[in-house]
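A.B. asks: I'd like to go over a predicted model; first the sequence, then the structure.
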Amino acid sequence: MSLQKKDFIEIEFTGQVKNGEIFDSNIKEDLEKLHHGHDHEIKTEPFALCLGEGMFLRGVEDFLVGKPETSATYEIELSPGNAFGKRNPQLIERIPSRVFRQQNLNPVPGFAFNFDGRIGRVLAASGGRVIVDFNNPIAGKEVVYKVKVLKKIEDLKEKAKALIKFLFREDLKFDVKDSKIIMEVEKPLVEFVKLFKEKFKDMLDLDMEVIEVAKNPEKTAEISSQ
């Protein structure tokens, strides 16, 4: 049997610029190379995705469709067009240096800043203007992904957990009963979670029921202490 679109799988991966540096991984040894010099403990876990649904780089997903379901390791070379796209000169902008001064920021070349959700890297700063590049740092580069397919996920709850973590970036409490996923969500997230009803129906063939629950005081305390 071969992998098909909408199959859920679990993988380990490392992405690096061809003949260059690692830029992403969920393998501890490779992450340590990426974050060399950081003193925090690096924790890793396999990544679960649904093929053909844009949960990973499209070029990698397309490569894996049709491959055997059994565990295997692949080295996938991708051109810029199949990876992070070509560099777009229109995404290089000049920003007045006062914008940085107002935020007490020093626009040193090479530093990256968040501009209302857009990540930009400073290329140069002179004459009262700062040149900022909003292209993805890997745009325009050939990349190589080493991907190990660990297993095909068959359990429906395991699939639902993977989709929830991908969509909401956290483990929400849920249960699956009678072709329905029942999710327990704090009030601020209720309407947001409901926006994904069709996604759960399309990918998992599950109707969604959202139950509002009281805010977890322990979670609130944890956030406020950070």
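C.D. replies: In hand now; what should we look at?
A.B. asks: and stretch 200-211, how far apart are its ends?
C.D. replies: In terms of CA to CA, to the nearest Å, the two terminal residues of stretch 200-211 are separated by 16 Å.
A.B. asks: now do that stretch: distance to the chain's middle.
C.D. replies: Stretch 200-211 sits 22 Å away from the centroid of its parent chain (CA atoms, centre = their mean, to the nearest Å).
A.B. asks: ok, stretch 119-132 next?
C.D. replies: Centroid separation for stretch 119-132 versus its chain: 27 Å, with CA atoms, centre = their mean.
A.B. asks: one more: stretch 148-162?
C.D. replies: Taking mean C-alpha positions (CA atoms, centre = their mean), stretch 148-162 and its chain are 17 Å apart.
A.B. asks: quick one: contacts for the residue in the chain sticking out farthest from the centre?
C.D. replies: Within the chain, Gly127 marks the point farthest from the mean C-alpha position, 37.0 Å out by CA atoms, centre = their mean. Applying CB atoms under 8 Å, 6 or more residues apart in numbering to Gly127 gives no contacts. For glycine as for every other residue, the C-beta is placed from the backbone atoms N, C-alpha and C.
A.B. asks: quick one: it from Ser97, how far?
C.D. replies: Distance of Gly127 to Ser97, given as CB to CB, to the nearest Å: 9 Å.
A.B. asks: confidence-wise, which helix or strand of the chain is lowest on average?
C.D. replies: The weakest-scoring helix or strand in the chain, judged by mean pLDDT, DSSP states H and E, is helix 217-224 (a mean of 45).
A.B. asks: and the residue farthest from the centre of the chain, backbone torsions?
C.D. replies: As for Gly127, its main-chain torsions (degrees, to the nearest 10) stand at phi 60, psi 30.
A.B. asks: quick one: pLDDT of it?
C.D. replies: Looking at Gly127, its pLDDT stands at 82.
A.B. asks: then Pro137?
C.D. replies: The model reports Pro137 with a pLDDT of 90.
A.B. asks: count the residues that sit near the nearest residue to it once chain neighbours are set aside.
C.D. replies: Excluding its sequence neighbours, the residue lying closest to Pro137 (CB to CB, 6 or more residues apart in numbering) is Arg121, at 6.7 Å. Residues lying near Arg121 (other CB atoms under 10 Å) number 17.
A.B. asks: I figured Arg121 was touching Asn114, is that so?
C.D. replies: No - judged on CB atoms under 8 Å, Arg121 makes no contact with Asn114 at a distance of 11.2 Å.
A.B. asks: so where's this structure uncertain?
C.D. replies: The model of the chain has pLDDT under 70 over residues 37-40, 216-226.
A.B. asks: remind me, longest helix of it?
C.D. replies: Within the chain, and with DSSP state H defining each element, the longest helix by residue count is helix 156-168.
A.B. asks: who's in contact with that one?
C.D. replies: 8, 48-50, 55, 153, 171-172, 174, 176, 181, 183, 189, 193, 196, 199-200, 203-204, 206.
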